[in-house]
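Colleague: Coordinates only, no sequence provided:
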């Protein structure tokens, strides 16, 4: 009980801090862009660090290499989703599995919705819904993640302990999208669905959550 | 076993006069044998096969033709066909089980195994169980016997019963002791057999009534012979098929006193073997004390148990949790800051709304002002221009 109270009070303070941080980030971005515009130059935004991948094809008839990569990324069934840190190696992996997934850059609200509504933790090799901050505290306290907002922050900003925060989360099991897909066989760029869809992943997740 | 030392007492009743106890005898150990319906069923089903008579189909049935197949090329099935001509039978299919007038599939043979061997000990176990069941009133009642009016169960009666010779006396006794209701049931429910047995000398079907078990036949057999439903048996040769008809335990038995006492010798006990069945002891129950709840709650068990481990119900079994975006209490549990956040958002929205409204109102006012003034200016300009023009015209002409 006492521990829970401590955790909850920490959670309150940190959530406050993070709200401010996200707002500041947004405003900063806007400012920099405006500044650049004034000077007549361009502001190149930092490349995205976080992606959310959703598997949109089934398990039948997948060749070995993409199959293995999907396994490594924990995308073992259709409409499962995972967060992934973007770097050269992971981008190469995504290149191989492009026809089987759709991915993009989630914003804070998407990350939040996923973890709050569909967030399940891997506890004792079991998939258990996160129904209390105590659950997070038990597993991730040593990485200074004690509550839901900490988890969200770690994932969204791809912090130092992203790996642990991400592996704490079981792969998300999403529902088929409301309104359906156009055609999974084509890439998003070609009016289909698979591949990189950058910020449009957010609208898709809203339909699938 | 302590049960033997504490053997209960059973009353012996007279066969006429007043229904009251004339004597008391201890209950033989057999009645404490384990009641095992599974054993009784097994033994009964196999024992019942032992009075079967062989039957079979004639060896020549369906084979008394010299039929041969016509082979292929005749646009008929290749089944053997009856040779010859001049009769309807010729060319008809023969021999096959599917053919009309053919032999059956796997014709029944007399050398089928009709009888079954059962281990002697199993047979004895079943009989002990069945006898024990005859003392359990609920079992006897559930078998269908009418035992409400009996003075006691097991019903033990004086040895004078063995000397009865007349059926009238036997009926009078049954009525006296309260067993006649069971006989009445048998008489009432006598029916014609369903099925072909009715014209195979098995016309009627009767229920089973009381069974009278005696030690010595001094006329009792003949006395009870003609009463429908009643069977007699010697205590030395109790038959499971009679003790548990249809493998249903709990036959209603009327014991004579000496027969009852002899049960102790015939079936023995757990300490003393049977005098008549060599090497046979009463079967032991798997559990002597079947009151499991009482055992668990007893001091002897409770003191030896380890402490109950605290069950960690922290995030226990599949806890269904509501959607935090629909249930505020769940949201607040996960993110205590959420309510404050909503409030701040609301305040911010209101502030922005207010500011926006001020800006919009200001600009609207400015636009209206400008519109008003510009209208005035236009009017003034129009008047002035007419006058100016007239003056200019006059000056030009001069």
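Modeller: Perfect, I can see it now. Since this is a predicted model, take the numbers as computed values, not measurements. Residues are numbered from 1 along each chain as shown, chains lettered A, B, ... in the order given.
Colleague: show me what contacts residue A:83?
Modeller: When contacts are counted by C-beta atoms under 8 Å, 6 or more residues apart in numbering or on different chains, residue A:83 touches A:50-53, A:106, A:111, A:155, A:166, A:169. Yep, even glycine has a C-beta here, placed from its N, CA and C like the rest.
Colleague: Try it again at 6 Å.
Modeller: When contacts are counted by C-beta atoms under 6 Å, 6 or more residues apart in numbering or on different chains, residue A:83 is found next to A:52, A:155, A:166.
Colleague: who wins for neighbours among those?
Modeller: Ranked by neighbour count (other C-beta atoms under 10 Å in any protein chain shown), the contacts of residue A:83 have residue A:155 at the top, with 26 neighbours.
Colleague: Pull out the buried positions in the host helix or strand of residue A:114.
Modeller: Taking DSSP states H and E as the definition, residue A:114 sits inside helix A:108-118. Within helix A:108-118, the residues that count as buried by 16 or more other C-beta atoms under 10 Å in any protein chain shown are A:108, A:110-116, A:118.
Colleague: and those residues near chain B, which?
Modeller: Among the buried residues of helix A:108-118, the residues that sit close to chain B (C-beta under 6 Å from any C-beta of the partner chain) are residue A:116.
Colleague: Let me know the closest of the buried residues of helix A:108-118 to chain B.
Modeller: Closest approach to chain B among these (C-beta to the nearest C-beta): residue A:116, at 4.8 Å.
Colleague: which residue sits closest to that closest one in space, ignoring its chain neighbours?
Modeller: Among residues not flanking residue A:116 along the chain, residue B:324 sits closest, at 4.8 Å (C-beta to C-beta, 6 or more residues apart in numbering or on different chains).
Colleague: Enumerate every residue touching the one you found.
Modeller: Going by C-beta under 6 Å, 6+ apart, residue B:324 touches A:116, B:330-331, B:334.
Colleague: neighbours around the residue lying closest to residue B:44 once chain neighbours are set aside, how many?
Modeller: Using C-beta to C-beta, 6+ apart and skipping residues adjacent in sequence, the residue nearest residue B:44 is residue B:247, 3.7 Å away. By the criterion of other C-beta under 10 Å, residue B:247 has 19 neighbours.
Colleague: Which one of the contacts of residue A:83 is nearest to residue B:159?
Modeller: Checking these against residue B:159 with C-beta to C-beta, the nearest one is residue A:166 at 92.0 Å.
Colleague: Compute the distance between that closest one and residue A:80, please.
Modeller: 14 Å (C-beta to C-beta, to the nearest Å).
Colleague: cool, residue A:69 as well?
Modeller: Counting by C-beta to C-beta, the gap from residue A:69 to residue A:80 is 14 Å.
Colleague: go on, residue B:51?
Modeller: Distance from residue B:51 to residue A:80, by C-beta to C-beta: 69 Å.
Colleague: quick one: which of these two has more around it?
Modeller: More neighbours surround residue A:80 than the other of residue B:51 and residue A:80, with 20 against 9 (other C-beta under 10 Å).
Colleague: Which residues are in contact with the residue lying closest to the more buried one once chain neighbours are set aside?
Modeller: Nearest residue to residue A:80, sequence neighbours excluded (C-beta to C-beta, 6+ apart): residue A:171, at 4.8 Å. Contact analysis of residue A:171 by C-beta under 6 Å, 6+ apart lists A:74, A:80, A:82.
Colleague: so where do the helices sit in the chain?
Modeller: Here I'm looking at chain A. A:2-39, A:64-72, A:88-97, A:108-118, A:133-140, A:148-156, A:162-168, A:201-208 (DSSP state H).
Colleague: right idea, wrong chain: chain B
Modeller: Going by DSSP H, chain B shows helices at B:2-5, B:37-47, B:120-134, B:137-143, B:167-177, B:180-188, B:220-225, B:240-243, B:257-267, B:292-297, B:299-302, B:328-334, B:338-397.
Colleague: Spell out which residues of chain A are next to chain B.
Modeller: Residues of chain A that fall close to chain B, judged by C-beta under 6 Å from any C-beta: A:8, A:11-12, A:15-16, A:116-117, A:128-129, A:131, A:135, A:148-149.
Colleague: quick one: contacts of the helix holding residue A:114?
Modeller: A:22, A:151-152, A:155-156, A:172, A:202, A:205, A:209, B:323-324.
Colleague: ditto for stretch A:61-73
Modeller: A:82, A:93, A:96-97, A:100.
Colleague: which parts of that stretch are buried?
Modeller: Residues of stretch A:61-73 classed as buried: A:62, A:66, A:69-70, A:73 (neighbour count, 16+ other C-beta under 10 Å).
Colleague: what's the answer for stretch B:82-99, then?
Modeller: B:82, B:92-95, B:99.
Colleague: And the residue of the stretch 251-398 of chain B closest to chain A?
Modeller: Per C-beta to the nearest C-beta, residue B:337 is where the stretch 251-398 of chain B lies closest to chain A, at 3.3 Å.
Colleague: How about that residue, nearest residue that isn't a chain neighbour?
Modeller: That would be residue A:15: by C-beta to C-beta, 6+ apart, it lies 3.3 Å from residue B:337.
Colleague: gap between that neighbour and residue B:365?
Modeller: For residue A:15, the distance to residue B:365 - C-beta to C-beta - is 42 Å.
Colleague: what's the answer for residue A:193, then?
Modeller: 51 Å.
Colleague: Same question for residue A:12.
Modeller: For residue A:12 relative to residue B:365 (C-beta to C-beta), the value is 44 Å.
Colleague: higher neighbour count, those two?
Modeller: Comparing residue A:12 with residue B:365 by neighbour count (other C-beta under 10 Å), the higher total belongs to residue A:12, at 17 against 10.
Colleague: Give the residue spans of chain A that score low on pLDDT.
Modeller: Chain A contains no residues with pLDDT under 70.
Colleague: In it, which residue sits closest to chain B?
Modeller: residue A:15 (3.3 Å).
Colleague: count of neighbours near that residue?
Modeller: 23.
Colleague: now do residue B:31
Modeller: 21.
Colleague: who's in contact with it?
Modeller: B:132, B:135.
Colleague: again, but for residue B:182
Modeller: Going by C-beta under 6 Å, 6+ apart, residue B:182 touches B:145-146, B:209-210, B:252.
Colleague: what's the answer for residue B:244, then?
Modeller: Residue B:244 neighbours (C-beta under 6 Å, 6+ apart): B:40, B:130.
Colleague: any idea how far it lies from chain A?
Modeller: 53 Å (C-beta to the nearest C-beta, to the nearest Å).
Colleague: Also residue B:152?
Modeller: Distance from residue B:152 to chain A, by C-beta to the nearest C-beta: 62 Å.
Colleague: what's the answer for residue B:235, then?
Modeller: 66 Å.
Colleague: Please name the nearest non-neighbouring residue to that residue.
Modeller: residue B:259 (3.9 Å).
Colleague: Surely the residue of the stretch 251-398 of chain B closest to chain A and residue A:12 touch.
Modeller: Yes. The criterion here is C-beta atoms under 6 Å, and residue B:337 meets it with residue A:12 at 4.8 Å.
Colleague: Specify the beta-bridge partners of the most centrally placed residue in chain A.
Modeller: In chain A, the C-alpha nearest the mean C-alpha coordinate belongs to residue A:83, at 3.8 Å (C-alpha atoms, centre = their mean). Residue A:83 forms beta bridges with residue A:52, as assigned by DSSP bridges.
Colleague: how many other residues sit next to residue A:48?
Modeller: Neighbours of residue A:48 (other C-beta under 10 Å): 13.
Colleague: For the closest residue to it other than its chain neighbours, give its distance to residue A:175.
Modeller: Excluding the flanking residues, the one nearest residue A:48 by C-beta to C-beta, 6+ apart is residue A:105, at 4.2 Å. Plainly put, residue A:105 is 21 Å away from residue A:175 if you go by C-beta to C-beta.
Colleague: Compare these two and say which is more crowded by neighbours.
Modeller: Each of residue A:105 and residue A:175 has its neighbours counted (other C-beta under 10 Å); residue A:105 has more, 19 against 10.
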